[in-house]
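Trainee: Quick one: sequence plus predicted model below, questions after.
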Amino acid sequence: YSFSDLLFPGCELTASTKSYTFQVDEEDDSDHILALSVVCLTDGAKDECNVVEVVGRNHENQEIAVPVANLKLSCQPLLSLDNFKLQPPVTFRLAAGSGPVHLAGWHQIVHREDASFEDNDDLSEEEEEEEELAPIMPAKK
């Protein structure tokens with residue numbers, strides 16, 4: 001496996017744009033993780049509760065919405081989510097308030113390596129014994 005970390009430039013939720021969906025190409029063979037690092041109120045926010053929800057799917061493929069931030073200009077204008085990991089597709093929704101709320105983080109891509117290499121399952125017992133590590137010898141003084 002190899003990894004690529006891309007900056008997720010983020011999105012902004014407002015009274016007129018209440019949701020944003022992050023999705024990847026379904027044909028892509030890689031695994032994708034969106035790590036959300038910060039949710040914050042930006043210039044022009046009112047002193048009101050702004051609730052941000054993450055909308056995704058559970059193991060039964062049912063839609064679920066989970067609040068991840070409740071921001072208010074006078075008491076909590078910013079929340080660090082410590083790279084809260086989500087699997088795309090995922091939707092961010094402004095469930096209450098008028099924003100603007102900015103979300104930012106990282107998009108990690110886990111590339112599966114070329115499967116052309118073969119596992120050595122067919123090694124004989126002699127070859128397996130040769131591959132074992134030599135015993136650890138005490139250090140010489």
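Mentor: Structure received. Numbering: from 1, shown residues only.
Trainee: How are the helices of this structure distributed by residue range?
Mentor: For the chain, the helices defined by DSSP state H occupy 125-131.
Trainee: If you average pLDDT per helix and strand, which one of it comes out bottom?
Mentor: Across the helices and strands of the chain, mean confidence by mean pLDDT, DSSP states H and E is lowest for helix 125-131: a mean of 50.
Trainee: centroid residue for the protein?
Mentor: By C-alpha atoms, centre = their mean, the chain has its centre lying nearest to L34, at 2.4 Å.
Trainee: That one reaches F92, doesn't it?
Mentor: No - the criterion here is C-beta atoms under 8 Å, and L34 misses it with F92 at 9.8 Å. In this view, the C-beta of every residue, glycine as well, is placed from N, C-alpha and C.
Trainee: Quickly list what's touching both of these two.
Mentor: F22 (C-beta atoms under 8 Å, 6 or more residues apart in numbering).
Trainee: quick one: low-confidence parts of this protein?
Mentor: Scanning the chain with the threshold set as pLDDT under 70 gives 1-3, 7, 28, 112-141.
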